[in-house]
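A.B. asks: Sequence first, predicted model second:
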Amino acid sequence: IDSINLNNAYCSIGNATFRNCNKMTKALIGDNITTIGDMAFAFCSSLQFINSNNSVILPENIETINTATFFNCKKLKGKIIIPRNVTSINDQAFENCSAIHSIELSAKLQQISISAFNKNNNFTRFLDSSNKYFSTYNGILYSNDMNILYHCPQGYYGTCVVNSKTKIINNYAFNSCTKIYHVILNHIEKINNYAFNGCTKLKKISLGKEIDSFNHKAFEGCQNLEYISIKKENQHLKSLDGIVYSADMKTLIYCPRAKQGKIKIPKSVQHIADYAFTGCNQITQIITHKNIKSIGKDAFTDTNLQIK
């Protein structure tokens, strides 16, 4: 099959109906279709166009984009226009659709799975369409009031400045954003687990005065992170040479995983936190002192350190 034309005589497409039709390049789907099942077009690796020659226009009466519906449709091109009645986009719905560059939200959309657009390295922008649940800023998806950052497209490039109204970075918000090298979080209060998971090119994080704790799990897989800066006005955390400490300098909390060479721990430090140096395999030596009273769990796991 190299193309399909489902006119208004049809009302649904079942689960996996066209799965592995890898020669299909074009699909015309009538607006009478109200349901497109799980994996309906999964692995249609040659599919380029749906109801358009330059974007992906789905039937306007569907309400859910189901699990893995367009999984691994690598040649789907351009912009995806989410139909006006869609309220949710489920797991892996457009995963590995690597030729897509933007998503236009529908007005009624309420829920987007964190894996819906995974492995799409050319996806750079969410486009707002008067949605009352989400907003966009510089192509990034936020809650409507901008309080929560939900999703940064994986093709986002360079420096990312988070909106000044934003207080929370959601789980996996920057998952596998491998083209970002600096993120500025001037007004953030909380960074959730795995927020920057797999950001392999990320080198610097800039934090403001509002954040009161540091979550090491937020930066899993950030093996090139070299430096974390924190505004001097912060009363809870402090940065010295890119390493995170408590404001009183009594606890060393986190060392970025790409720190290199020799580290001399300040004499004020009494505690080294759990996982503080885990994975810091480019540090060759750490110079400690007699004032250190405790060393946390797995503080030096997966390192090549000489500790003195």
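C.D. replies: Noted; the coordinates are in hand.
A.B. asks: In terms of pLDDT, where does the residue nearest the centre of the chain sit?
C.D. replies: The chain has Phe174 as the residue nearest its centroid, 2.3 Å off, counting by CA atoms, centre = their mean. Note on Phe174: pLDDT of 97.
A.B. asks: I'd say it and Phe196 touch.
C.D. replies: Yes: at 4.7 Å, Phe174 and Phe196 qualify as touching, with contact defined as CB atoms under 8 Å. (Glycine included, C-beta is placed from N, CA and C.)
A.B. asks: hey, what's in contact with both of those two?
C.D. replies: Val183 (CB atoms under 8 Å, 6 or more residues apart in numbering).
A.B. asks: Please enumerate the strands of the stretch 51-200 of the chain.
C.D. replies: 55-57, 64-65, 78-81, 88-89, 100-104, 111-112, 125-127, 134-137, 140-143, 148-151, 158-161, 168-169, 180-185, 190-191 (DSSP state E, counting those that start in this stretch).
A.B. asks: do the stretch 201-308 of the chain as well
C.D. replies: Assigned by DSSP E, counting those that start in this stretch, the strands in the stretch 201-308 of the chain fall at 204-207, 227-230, 237-240, 243-246, 251-254, 261-264, 271-272, 283-287, 294-295, 306-307.
A.B. asks: Most tightly packed of these?
C.D. replies: strand 251-254 (a mean of 24; mean count of other CB atoms under 10 Å).
A.B. asks: Can you list the strands that it pairs with?
C.D. replies: Applying DSSP bridges to the sheet, strand 251-254 is found paired with strand 243-246 (antiparallel), strand 271-272 (parallel).
A.B. asks: got the contact list for that strand?
C.D. replies: Strand 251-254 is contacted by residues 214, 216, 228, 237, 243-246, 265, 269-273, 275-276 when judged by CB under 8 Å, 6+ apart.
A.B. asks: Dump that strand to CSV, restricted to CA.
C.D. replies: Once non-C-alpha atoms are left out, strand 251-254 reads as follows in CSV (Å, rounded to 0.1, in the frame of the first residue of the first chain):
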residue,chain,number,x,y,z
THR,A,251,27.4,21.2,53.4
LEU,A,252,28.8,20.4,50.0
ILE,A,253,25.6,19.4,48.1
TYR,A,254,26.4,18.7,44.5
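A.B. asks: Report the rounded mean pLDDT for it.
C.D. replies: The average pLDDT within strand 251-254 is 97.
A.B. asks: Please renumber the chain so that the first residue is 643 from this point on.
C.D. replies: With 643 as the first residue, the last one maps to strand 893-896.
A.B. asks: distance between it and the chain's centre?
C.D. replies: 25 Å (CA atoms, centre = their mean, to the nearest Å).
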